[in-house]
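A.B. asks: Any chance you can model this:
(one chain, ligands or ions: 2)
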Amino acid sequence: MSEELRVREGRSRSLAQALEGHLTEWSERTGTTVEIWALPAGEVPAAITKAVMATLGEALTNVERHSGARVVAVAVTLGPSGLRMTVSDNGVGFFGRAEGRGVTAMHAHFDQVGGTLSVNGVPGEGTTVSGVVPRQD
Ligand SMILES: Nc1ncnc2c1ncn2[C@@H]1O[C@H](COP(=O)(O)OP(=O)(O)OP(=O)(O)O)[C@@H](O)[C@H]1O
Ligand SMILES: [Mg+2]
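C.D. replies: Ligands and ions are numbered 1, 2, ... in the order given. Take a look at the predicted model:
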């Protein structure tokens, strides 16, 4: 896509591009299929971009290390209510609460930009990380 077209479409070069680049590289390195369901159109403040990328990094590290998943689906959208991020894998999941440095860090990243996050595992089904940063205006 040309830069001109990208600008006309109002697509956020920074976050959408960063997501696409990171996901492509990670998928190639790990051999795990990544389905990109949605990328954010529009500008995203730098602090939120940082929080989303850092959280994605932790989530993908967990997919690689713990899940055994073949597929991970990623959606990051910008809507009237704010930014939403979902990272969902079809791996082993887990029972109960996920409590480690990585999950704590993901919560802290979203907390820092006024958002909230949850990490849900379903044994035998997979794990979903969901984060929301409400619109602040
Ligand atoms: N995608 C996933 N699939 C399966 N289990 C997961 C997944 N994500 C998290 N978990 C479970 O939740 C636990 C906590 O995750 P967390 O990232 O906090 O710690 P960790 O990955 O064990 O270590 P680190 O501090 O290096 O991140 C994991 O040890 C694992 O049992
Ligand atoms: Mg981890």
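
A.B. asks: CA only for contacts and neighbour counts going forward, please
C.D. replies: OK.

A.B. asks: For ligand 2, give me its nearest residue in the chain.
C.D. replies: Across the chain, no residue is closer to ligand 2 than residue 102, which sits at 4.1 Å (CA to the ion).

A.B. asks: tell me the secondary structure for the residue nearest to the spatial centre of the chain?
C.D. replies: Note on the chain: the residue nearest the mean C-alpha position is residue 56, at 4.3 Å, using CA atoms, centre = their mean. Using DSSP: H, G, I helix; E, B strand; the rest coil, the three-state assignment for residue 56 comes out as helix.

A.B. asks: Chain neighbours aside, what residue packs nearest to it?
C.D. replies: What sits nearest to residue 56 in space, not counting adjacent residues and going by CA to CA, 6 or more residues apart in numbering, is residue 87, at 7.6 Å.

A.B. asks: Also residue 32?
C.D. replies: Spatial nearest neighbour of residue 32, excluding adjacent residues (CA to CA, 6+ apart): residue 70 at 5.3 Å.

A.B. asks: just to revisit the earlier point, list the first helix or strand encountered after the helix or strand containing the residue of the chain closest to ligand 2 toward the C-terminus.
C.D. replies: In the assignment (DSSP states H and E), residue 102 maps to helix 101-112. Next in sequence after helix 101-112, counting helices and strands by DSSP H and E, comes strand 116-122.
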